[in-house]
Every structure is written in structure tokens, then in C-alpha cells.
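> How does the following fold in three dimensions:
(chains A and B)
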Protein chains: 2
Amino acid sequence: MQIKRFDKNPILTPADVTPYHAGFEVIGVFNAGVAKYKNQTLLLLRVAERPISQVENKVYAPIFNVTENKVEKIEYDLDDAKYIFDDPRTIRQNDKTNKISHLTSLSYIRIARSTNDVDFEVDDDPFLYPYDQYTTYGIEDARCTQIGEDYVVTYTSVSELGIGVSAIKTANFEDYVHLGNIFAPENKDILIFPEKVNNRYYALHRPSSSSLGGLNIWLASSPDLISWGNHKYLFGTREGSWESQRIGGGLPPIKTKLGWLVIYHGANENSRYCMGAALLDKNDPSIILARLNHPILEPEMEYEQKGFFGDVVFGCGSVLDGDDLIVYYGASDTTMAGCVLSISEILKRLEEEL
Amino acid sequence: MQIKRFDKNPILTPADVTPYHAGFEVIGVFNAGVAKYKNQTLLLLRVAERPISQVENKVYAPIFNVTENKVEKIEYDLDDAKYIFDDPRTIRQNDKTNKISHLTSLSYIRIARSTNDVDFEVDDDPFLYPYDQYTTYGIEDARCTQIGEDYVVTYTSVSELGIGVSAIKTANFEDYVHLGNIFAPENKDILIFPEKVNNRYYALHRPSSSSLGGLNIWLASSPDLISWGNHKYLFGTREGSWESQRIGGGLPPIKTKLGWLVIYHGANENSRYCMGAALLDKNDPSIILARLNHPILEPEMEYEQKGFFGDVVFGCGSVLDGDDLIVYYGASDTTMAGCVLSISEILKRLEEEL
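Now for the predicted structure:
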């Protein structure tokens, strides 16, 4: 697979983003949803900020206090045996549940704009910021699907109540209407198809179960983008492969002459995240026509291998320009990068598996 | 709270049910959904069957093979250190995920019919039996809501893909149409309200998360009973109480003059299951008007305390007769029992908390 990474990669780094919170630092600008709006390409950046720690042996977890309408810091002592601090992203309970107690950073969505697809300017203010009891731990990994004149943005809402998915609808990336919590916890990686199929909207989703079942991609459909049903298992992790531990939707599905092209992420037991491709039937997206065995994008460059959480390429959106698929992706949970893939080449490889 | 348990309790035991599978035994007939149909009261029984084990030190997990359309047995050696056998209901992986590998019994739904609310005759054949890749581990805990002339039956679909909730619609408890998988995994205890509120259907649900969030009751709404959205956290477990570990909907909500009466189950850290009560606003079920601190039904009788999984009362349906609420409930995951509660007494207690 020929991959033309941008020469300028990474195209956005934490240094390019002014912290929104006083006393905080930006540790990641990554996993952006993508929209083509008027003559601009918009990145719906996930910006992660954390308190600048002043005290040795302490870590501070930021949470949004809905009542007070401000961010607070929860202090943890790194010696506290009740918790596990070995994942830089989370503070986990040191018990058999191993559940997340808090996140070490607060994420929200900020827009960056470009007229040449490569040079982006970041807005000063957030586009989507914690606002209710479902977003107190942050808003993560926006995905954007244009449907007619509207754009539907889905995002992960994280709070002590769980990790679910909410959505808004906008026509101008200024005002928007809330579509509510569209998927109950625990779920992530909702990717809405850009048009109805047989008069229903479709979406990929990735439920996480506590008792039974893996981290696999499911399909759902909806009459109105708000309510979702007909949940179907679509495809799953593959033992011993680059996608052995978890998979989830990446870019909103792309309509091609062969069917719906799904570019998704997968990770192995070392949490090395790559991007893979599959093809779904045009008229019935529950039918998997083909799926590549090998990734189409892997963490190979230094910025993809080193960072806050290394060895990660995580695409959440793309722009289609003729045969060029410009994929924007988060690298190492730290920066944004871009690359150009050839749709026809991906389809050719998928066709060989048909 | 005055509780008039049936003199005949338990009203159905495994001895009353002929196994459907050759070489199997019925170990539980419990957690029945309830419907008033014509002049009869129907119990939509969960019947759990397991292979009659012939070999010492082995346990057999039954699963439904969709392709072959028959039940198969997976053999486990009780000495196999890869698994944990300490819960009689499940075989779990002996690793940090602690996930379920298989269930020790296969459940499906069978109807029992009565003309006097107490003496039930069990149908010979299943009403709902595993039929697809989502039900290979069984169909559990049906709930039934009458909406106009139709009855909507929701049930837990268990398979290696996860624990989700599916539904059917029937007018006669013979033929039915599938409504699909209405809630993605992991979810249970879907209770559909008997009528629309502000032109939308409502349901309680109980998601289970792997990373964040407890086992709490949520609310969702739907335009068509198939697709569900507007997921909202409703109320949760309470530390140090009878409902400290998990709660979930019990009976379909009952419309009263004060609002929607929700009778739900809760369990503490010893997995002792009781039934509690809460009251939701008539016009906006996301508003909790009151919630009792103490259970309205606890495992006190021998059949409620001893059985396949003891110390459990688990109501899934009721019949309303004037002020009498006839609650049918599973006892110790083994038998069916019944009791009569007074709606006005429950409401009076809830009113004291308003």
C-alpha cells in the first residue's frame, strides 16, 4: 500500500494549541473528526489538557463540575495502593474490577481550519465542551458525517456514569442542536453513514461488555439519527493478528462503486494501534464483502511511535479528492498527522479478497 | 409493608416442567414475564436446563449450535486452572478479565397459563427458543408489556457475542414478529412502559460497563419500539444498603395517580436480591419523584433463601386487580412464587418521601 504522509507531519502538536484552562497544559491534540465546510477543511480536534502538577508524587485528575460550571482537580497520591497509575491515561482501581476511577486529562473538542488541507489554524474557544453529567470526565474522539446540508457530530461522553456516545447536528459549526445520548454505555466509535440505506440511517458502533463478548464492531440503524436499533455484530478481533485485542470504527464509511468502504482501527495485546479496511454491501451494510488481513496504515514514523501513548495511528475522518483519500489521524495520542491513500488501490486489494 | 404470599408458594418448581432436551434436567423455572391475555394469566417462564452430568469432576456447558439447529455440550474439567467454577451459574475465565466463558445451563422461554392466578399449567413446547447467533447461550428473563392489543416481549439474548436485549411483538402468544436486537450489549432488564409519554415510547434499561460506571437503571425513549435513544441515567446503587452492588428494572412500570410506579430489583455485596420501589413523573419519566429506602419484598421464606442461587426474589411482571398488585417472582433462581401487595400502601410510603 502506497502511503503518502504529509511532509509537514505532525501537522498539529500540543505546542500549537493554547490551553483553555489557566494552570493547565495541553498534552494532546489528536483523533480529530473531519468536515469539508464551504471552502475549508475542518478538524474537530480532541484537545486533552491536564493540570500542571506542582507537587512531587501527586497526580491531579481534572473533572468538570456541572453545578459550579468549572473544572476541578482531584488529587491522587502515587503511593496510594488503592489505585493503579501504570497507564498514563487513567487512574484505575486496584481491585478485581480494575475500573477507571478518573482520567488524568480532560478532553474537549476544538476546531482547526485549513484552506489547503495541510496548514491548520486552531480556534481559540472550544466547539464542544463538557456541559452535563455525562461529560464530566470529558468529550473525546469526535466523528463528523455530512448528510445533505447538515453535519452530524458524534462523540464519546465520559463521566462517572459511564462511557457513552452523544451527538449534535450543525449546519455551520457555530450553532448546533443536541441529539442526546444516542448510544448507552459502554460504547465508543460511532460512525454514521453519509446517506440512508433502504430508508434507514446506519452507524457502526463498538460496545464494551463487562461479562461476555469482545471489543468488536457492530452495526445499528435508525429512523431519525436519535434512536438506534437492529443491533448486529459486524466483525471482530482476530487472534494472533495486529487486531487481536480490540477494533473500532475509524472514518465514517465511504461510498464506493464496490460498496461501503470501512476504514477502522485495531490494536494488538501491546496496544499498538493500526488502521485496517473492510468492505460492506452497498444495499445491506450488514453483509461483509471483504476485509483485509493486513493494516493499511501502521505506526512507523517517530511521531507515530513516541508520545503520550505511543505506537498509535488513529484516524477519525477523511477528505475525498478524486482517487485521493486524505486521512487525518491522531499519532501517539499526542499530535495530528495526515496522509494520502489511494481509494482505487485499497479497493483493488479488497477486490482480491472478494 | 403487608405482603400476602400465596399459600401455594412456590407455585411452579422444576418438577412441574418436563425437560425439553433429552438427557437434560430442568434446574430452574423462574423470572417470568407476565401477561393478562383473554381470561388467562400467562407466565413467560424462564426455564433453565442443563445436561445430566455422568462423569465425576466434569461440568457440561450447553450451547445452541445455529447451523446444526441443536444443542451441544462443551465439556469442562473442574481441575482446569484456566477457569473458575465457584459461581453455579457460570464458568469464568481465571484471568484478569474474569469474563464468562460459558453458562452452566441453557435458558429459554416457556408459557404457563392460569385462570385463577395461582394454578398454572405449563405448555409442552418453548415459546421463545434460541434461534440465532445472539441467543446461542440462551434466552433469559422475559418481560411483557401490553400496548393496546399487542404485547411486546423483551428478553436477554446471551451468546459469545455479548449479553444484549431483543424483542418480539405478539397479539396471541402463538405467532410473533421479531423487533430485532433493541439494545446493544451489555444490557439487561429492559422494561417498556405500557403507553407513550409525549408521543414517545419509554423503557428502563440496565447497561453494564467494563471501564466506568456501575450497574444502574437508565431510561431511553423510542418512536417505534425498535430504535432507542435519549439515554439518561435514572437512579443508581446506594452504598451500604440492600442495593449496594447492582439494581435493574423488575416489573414493567405501572401507571398510578401519582406517577409511574417502578418496582425494581437490587442486590448487595452478598448477591442478596430484593425488590424496591420508586416513582417517576407521569409526564416526564426522567424525573424521580420518590424512592423508598427499604425493600418492599425480601427473601424471607425458605424457597426464597435456598435453591440453585439462593437469597433471591426477582419479580419480572405483575397483574393489577383493583388495589391488589399480584407480583410473580423468581425465587432463588429455581422456582416461581407469587404475592399480593397493595398499590395504595406502596404509594402511601412513596408519598411520605415526596
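> what residues does the longest helix along chain A touch?
Criterion DSSP state H: the longest helix present in chain A is helix A:343-351. Applying Cβ atoms under 8 Å, 6 or more residues apart in numbering or on different chains, the external contacts of helix A:343-351 come out as A:1-2, A:254, A:256-258, A:261, A:263, A:277-279, A:289-292, A:296, A:320, A:323-325. Just so you know, the C-beta spots here come from the backbone N, C-alpha and C atoms, and that holds for glycine as well.
> Select only the buried ones of those residues in ChimeraX?
The ChimeraX selection below is limited to those of these classed as buried (16 or more other Cβ atoms under 10 Å in any protein chain shown):
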select /A:254,256,258,261,263,277,278,279,289,290,291,292,296,325
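> Tell me which of the contacts of helix A:343-351 fall in helices.
Using DSSP H, none of those sit in helices.
> Which of the contacts of helix A:343-351 fall in strands?
Among the contacts of helix A:343-351, the ones falling in strands (DSSP state E) are A:254, A:256, A:261, A:263, A:277-279, A:289-291, A:320, A:324-325.
> Surely residue A:173 is within a strand?
No - counting by DSSP: H, G, I helix; E, B strand; the rest coil, residue A:173 is located in no strand; its state is coil.
> And it, how close does it get to chain B?
23 Å (Cβ to the nearest Cβ, to the nearest Å).
> Give the buried residues for the longest helix of chain A.
For helix A:343-351, by 16+ other Cβ under 10 Å, it's A:343, A:346-347, A:349-350.
> Ok, stretch A:38-52 next?
For stretch A:38-52, by 16+ other Cβ under 10 Å, it's A:40-51.
> same question, stretch A:186-196
A:186-194.
> repeat for stretch A:96-112
Buried residues in stretch A:96-112 (16+ other Cβ under 10 Å): A:99-112.
> End to end on that stretch, go ahead and measure it.
End-to-end distance for stretch A:96-112: 41 Å, by Cα to Cα, to the nearest Å.
> how about that stretch, does it get close to chain B?
Yes - using Cβ under 8 Å from any Cβ of the partner chain, stretch A:96-112 reaches chain B at A:96, A:98-100.
> which residues of the stretch 151-300 of chain A fall in strands?
All strands of the stretch 151-300 of chain A, identified by DSSP state E, counting those that start in this stretch, fall at A:162-170, A:177-183, A:187-192, A:201-207, A:217-222, A:229-235, A:246-249, A:254-256, A:259-267, A:273-280, A:288-291.
> so what does the third one touch, helix or strand wise?
The reference is to strand A:187-192. strand A:138-147, strand A:150-159, strand A:162-170, strand A:201-207, strand A:246-249 (3 or more Cβ pairs under 8 Å, 6 or more residues apart in numbering or on different chains; DSSP states H and E).
> who does it pair up with?
strand A:201-207 (antiparallel) (DSSP bridges).
> pLDDT of the partner strand, averaged?
Across strand A:201-207, pLDDT averages out at 98.
> Could you list the buried residues of that strand?
Quick answer for strand A:201-207 (16+ other Cβ under 10 Å): A:201-207.
> any idea which of these is the one closest to chain B?
Chain B lies nearest to residue A:207 out of the buried residues of strand A:201-207, by Cβ to the nearest Cβ, at 4.8 Å.
> List the residues that contact the closest one.
Counted by Cβ under 8 Å, 6+ apart, residue A:207 has contacts A:186-187, A:213, A:216, A:218, B:162, B:184-186.
> ok so, going back, including pLDDT and distance to residue B:129, could the buried residues of stretch A:186-196 go into a markdown table?
Formatted as a markdown table, the buried residues of stretch A:186-196 follow (pLDDT from 0 to 100; distance: Cβ to Cβ, whole Å):
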| residue | pLDDT | distance to residue B:129 |
| --- | --- | --- |
| A:186 | 98 | 29 |
| A:187 | 98 | 29 |
| A:188 | 98 | 33 |
| A:189 | 98 | 33 |
| A:190 | 98 | 33 |
| A:191 | 98 | 34 |
| A:192 | 98 | 35 |
| A:193 | 98 | 34 |
| A:194 | 98 | 39 |
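> which among those residues gets closest to chain B?
Distance to chain B across the buried residues of stretch A:186-196 (Cβ to the nearest Cβ) is lowest for residue A:186, with 3.9 Å.
> Just to check, the closest one is in contact with residue B:214?
No - when contacts are counted by Cβ atoms under 8 Å, residue A:186 is not listed as touching residue B:214 (11.7 Å).
> tell me which residues form a beta bridge with the residue of the stretch 1-150 of chain A found nearest chain B?
At 4.8 Å from chain B, residue A:100 is the closest residue in the stretch 1-150 of chain A, using Cβ to the nearest Cβ. Residue A:100 forms beta bridges with residue A:92, as assigned by DSSP bridges.
> ok, it - contacts?
A:90-93, B:211-212.
> same thing with residue A:4?
So residue A:4 contacts A:339-341 (Cβ under 8 Å, 6+ apart).
> Rebuild the residues you listed as JSON lines, extending it with distance to residue A:223.
Formatted as JSON lines, those follow (distance: Cβ to Cβ, whole Å):
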{"residue": "A:339", "distance to residue A:223": "36"}
{"residue": "A:340", "distance to residue A:223": "36"}
{"residue": "A:341", "distance to residue A:223": "33"}
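> So in that sheet, which strands flank the strand or helix carrying residue A:50, and in what orientation?
For residue A:50, the host element (DSSP states H and E) is strand A:40-51. According to DSSP bridges, strand A:40-51 forms sheet pairs with strand A:24-37 (antiparallel), strand A:106-114 (antiparallel).
> Quick one: mean pLDDT over that strand.
Averaged across strand A:40-51, the pLDDT comes to 98.
> roughly how far out does it sit from the chain middle?
Mean-position distance between strand A:40-51 and its chain equals 11 Å (Cα atoms, centre = their mean, to the nearest Å).
> Tell me the helix or strand right after that strand.
Heading C-terminal from strand A:40-51 (DSSP H and E), you reach strand A:58-65.
> average pLDDT for that following strand?
96.
> Determine if any part of that strand is in contact with chain B.
No - Strand A:58-65 does not reach chain B (Cβ under 8 Å from any Cβ); its nearest approach is 12.2 Å.
> Return the angle between stretch directions for that strand and strand A:106-114.
70 degrees (axes from the mean of the first three to the mean of the last three Cα atoms, to 10 degrees).
> Would you indicate which residues of strand A:58-65 are buried?
A:59-64.
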